[in-house]
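Asker: below are the sequence and a predicted model for it; my questions follow.
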Amino acid sequence: MILPLLLAGIAASIPASPPVLIASHRSCWQAASENALDGIRICSAAGIDIVEIDVRTTSDGELVLMHDATVDRTTDGSGAVNTLSAVAIAALRQRREGGGPDAALTDRRVPTLAQALRAARGGATVNLDVKDADLHKVIDIVVAAGMGPSVLLNVPVDVDAAVVRHARAAKVPLQPVYLERGSGMSIEQALAPWRGRTIGALQLIFDDPAILDRARAVLPNVRLFVNTMAVDIESGRPMRLSATYLDTTAITQPERIWGGLIRRGVSIIQTDQPWQLRAWLNGRSVASR
């Protein structure tokens, strides 16, 4: 489904209790391949609200979907994305699910950003996590695909003002990302430039859950986006994105983890367990009637 214009950043405020939206990390990778067109389509068909995908730039300037700096883990190729041409990357086969040397190869190919946006049209909103690409170029490709209001573009909290103006003119919703760890700025300092601006959502990466309350105090009418992914797909190491609010615990204690975030004002939860989150939210909704 295409999300309400509230998420698109066109409305000036959000309801006091907005619906909770599910964002699937690297699209629905567990049912396809990481950052795959099939994963985007599977998410949309399953009613997942948002698909997150990663964007990098090839040696000849094409924007493609790839999380890592290299193609090694998720494809049958090797080398850094920024040293490979678009043609070379298009020839690679994607590995199943989270990839790795033991993961089976598929017939899926690494998509371009434009292909991914076309695959999402009429379905899930697309959250663009730009790893290595010019933000102005990303915005232009989104506009060319006719997907402006159906995209949520991650940007640093201190993004250049020219990017903000470009996105506003193009009606592409921005999602500033605040990283508490090592940011050098308090949440209040970081969010001060965003006061009075209409944005799609605010993503928070934190060790101290009090950041959620402080962010709501600064930007009370903005959706809060939090990640509950527990371990890195590549290394298996803890991701440390949201204190103790983790998928691994949420599977058995969803009310404590996902419910705890909702009670603190979070209305977008990004997860590696989108189906489990959806089933729990549906059951919670039924139980409250």
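Answerer: Sure thing, it's come through.
Asker: tell me the buried residues in the helix or strand bottoming out on mean pLDDT in the chain?
Answerer: Across the helices and strands of the chain, mean pLDDT, DSSP states H and E gives its lowest value to helix 274-288, namely a mean of 87. With burial defined by 16 or more other C-beta atoms under 10 Å, the residues of helix 274-288 counted as buried are P274, W275, Q276, L277, R278, W280, L281. Just so you know, the C-beta spots here come from the backbone N, C-alpha and C atoms, and that holds for glycine as well.
Asker: how about those in a markdown table, adding distance to L21?
Answerer: Below are the buried residues of helix 274-288 laid out as a markdown table (distance: C-beta to C-beta, whole Å):
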| residue | distance to L21 |
| --- | --- |
| P274 | 11 |
| W275 | 15 |
| Q276 | 15 |
| L277 | 10 |
| R278 | 10 |
| W280 | 14 |
| L281 | 10 |
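Asker: confirm that G77 sits in a strand.
Answerer: No: counting by DSSP: H, G, I helix; E, B strand; the rest coil, G77 is not found in a strand; it is coil.
Asker: returning to that earlier point: elements contacting the least confident helix or strand of the chain?
Answerer: Applying 3 or more C-beta pairs under 8 Å, 6 or more residues apart in numbering; DSSP states H and E, one finds that helix 274-288 contacts strand 21-24, helix 254-263.
Asker: buried set for the longest one?
Answerer: By neighbour count with 16+ other C-beta under 10 Å, helix 254-263 contains the buried residues P254, I257, W258, G259, G260, L261, I262.
Asker: show me the helices in the chain, by range?
Answerer: 37-45, 86-90, 113-120, 135-144, 161-170, 187-191, 210-218, 247-250, 254-263, 274-288 (DSSP state H).
Asker: got the angle for the third one vs helix 135-144?
Answerer: What it means is helix 113-120. 40 degrees (axes from the mean of the first three to the mean of the last three C-alpha atoms, to 10 degrees).
Asker: shaky segments in the stretch 151-289 of the chain?
Answerer: 286-289 (pLDDT under 70).
Asker: any chance of JSON lines for the helices and strands packed on helix 274-288, columns distance to V142?
Answerer: Below are these laid out as JSON lines (distance: least, C-beta to C-beta, whole Å):
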{"stretch": "strand 21-24", "distance to V142": "17"}
{"stretch": "helix 254-263", "distance to V142": "28"}
